[in-house]
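Q: Need a 3D model of the sequence below.
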Amino acid sequence: MLRDIGRNESNDNYKEKPMILQHAIGIGHVVYELMGGKNTIVIGDTKKVVWSKDGAAAKFNLSPGTVLNPSWVSTKAVKTGKKIVDYKDAKESTFGFAYAAIAVPLFENNKVVGVFFTTNILEKQKEIGVMADNFLTSTTQMSQAGQDMANSANNLAMAVEELNMESKKMSSNLGVVENTISLIEGVANQTHLLGINAAIEAARAGENGRGFAVVASEIQKLAKTVKDSIKQTVDGLINISLSVNETIDKHNKISILSQEQAASAEEISASISEFSENTSRLNALTKEVWL
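A: A predicted model of the protein is given here:
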């Protein structure tokens, strides 16, 4: 039988132990080597340590005779008769450093007579945990920034859409103004024609129609002035209409881009949220995966 008797323990004391403890002590060193020498292996009866071998990562210094602490997984396994897995951070640990442990009760004649437990230092896991915490903080901030960007893009799209509607209203109002000007232009043309007819009649009247000729001349001048003003106004309205239509086209393009940006921002925000959730799971796994 492979045996590694606990320190300061005689063969006679070894033989007095329950058979299951003798077997556990006999394979303790083998288990230690199988686990790569990194994990601390401890075997105890129901009250104290009877055999131990520290792992390479840290020294627990649990020599034979060390009383099992009530807070250790070994004591909990003895009391419950069940396998216990636990994680202790540096603040909770009685050893001053974070570690994980698993304890299995040893039975003989349906009675718990001892416990086999192993511990592992969580330095790498702790580093991963710190990285996961940093990732979680960063992704949370990124998620909030992404959501803010999505909200801003949506607000921009709404503002552009409102501006587009106002531009269309302006274009519609320009149409009303153009109709009014057309009506005025028609009246001016008729007035000009009336002035021409009046001048013809004044010429026929000779000396008696001289005063009427002056009035007819003024009517023609007024009609011409109105027509010239209408032409300038129409030219200005045409330029305004072209600018409004061009603005509407640009607003439509901006509206499409804003909607696409809003959709992209929401997708980015969703992706960041998913990444944040995965980071949270990673953070939890660093405390679960330790062997």
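Q: Give me the longest helix you can find in this structure.
A: When the chain is parsed with DSSP state H, its longest helix is helix 123-205.
Q: hang on, residue 219 packs against residue 193?
A: No: using Cβ atoms under 8 Å, residue 219 makes no contact with residue 193, being 9.9 Å away. Placement of C-beta: from N, CA and C, glycine included.
Q: Show me where this protein has its strands.
A: For the chain, the strands defined by DSSP state E occupy 40-44, 49-53, 84-88, 99-108, 111-121.
Q: Need the winner for burial among the ones you listed.
A: Compared across the strands of the chain, strand 40-44 shows the largest average neighbour count, a mean of 27 (mean count of other Cβ atoms under 10 Å).
Q: what angle separates that strand from strand 99-108?
A: Orientation of strand 40-44 against strand 99-108 (axes from the mean of the first three to the mean of the last three Cα atoms, to 10 degrees) gives an angle of 30 degrees.
Q: Determine the set of other helices and strands touching strand 40-44.
A: helix 19-34, strand 49-53, strand 111-121 (3 or more Cβ pairs under 8 Å, 6 or more residues apart in numbering; DSSP states H and E).
Q: Give me the neighbour count for residue 24.
A: Number of residues near residue 24 (other Cβ atoms under 10 Å) recorded here: 22.
Q: Just to check, it is in contact with residue 106?
A: Yes: between residue 24 and residue 106 there is a contact at 6.1 Å, judged by Cβ under 8 Å.
Q: what sits in contact with each of those two?
A: Taking Cβ atoms under 8 Å, 6 or more residues apart in numbering as the contact rule, residue 24 and residue 106 both touch 114, 116.
Q: Surely residue 147 is in contact with residue 269?
A: Yes: the pair residue 147 and residue 269 passes the contact test of Cβ under 8 Å, sitting 4.9 Å apart.
Q: So which of those two has more stuff around it?
A: More crowded of residue 147 and residue 269, by other Cβ under 10 Å: residue 269, with 20 against 17.
Q: for the strands of the chain, which one sits closest to residue 229?
A: Set against residue 229 and scored by Cβ to Cβ, the strands of the chain come closest in strand 84-88, at 89.5 Å.
Q: chain center to that closest one: distance?
A: Computed by Cα atoms, centre = their mean, to the nearest Å, the chain-centroid distance of strand 84-88 equals 32 Å.
Q: One more: stretch 148-157?
A: Put simply, stretch 148-157 sits 15 Å off its chain's centre (Cα atoms, centre = their mean).
Q: Which residues does it contact?
A: With contacts defined as Cβ under 8 Å, 6+ apart, stretch 148-157 is touched by 255, 258-259, 261-262, 264-266, 268-269.
Q: Tell me which residues of it come out buried.
A: With burial defined by 16 or more other Cβ atoms under 10 Å, the residues of stretch 148-157 counted as buried are 149-150, 153-154, 156-157.
Q: Report the rounded mean pLDDT for that stretch.
A: For stretch 148-157, the mean pLDDT works out to 72.
Q: Just the C-alpha atoms of it, please, in PDB.
A: What follows is stretch 148-157, C-alpha atoms only, in PDB (Å, rounded to 0.1, in the frame of the first residue of the first chain):
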ATOM      1  CA  ASP A 148     -27.500  57.700 -25.000                       C
ATOM      2  CA  MET A 149     -26.200  57.700 -28.600                       C
ATOM      3  CA  ALA A 150     -29.300  55.700 -29.700                       C
ATOM      4  CA  ASN A 151     -31.600  58.200 -27.900                       C
ATOM      5  CA  SER A 152     -29.700  61.100 -29.500                       C
ATOM      6  CA  ALA A 153     -30.000  59.600 -32.900                       C
ATOM      7  CA  ASN A 154     -33.700  59.000 -32.500                       C
ATOM      8  CA  ASN A 155     -34.200  62.500 -31.300                       C
ATOM      9  CA  LEU A 156     -32.200  63.800 -34.300                       C
ATOM     10  CA  ALA A 157     -34.300  61.700 -36.600                       C
END
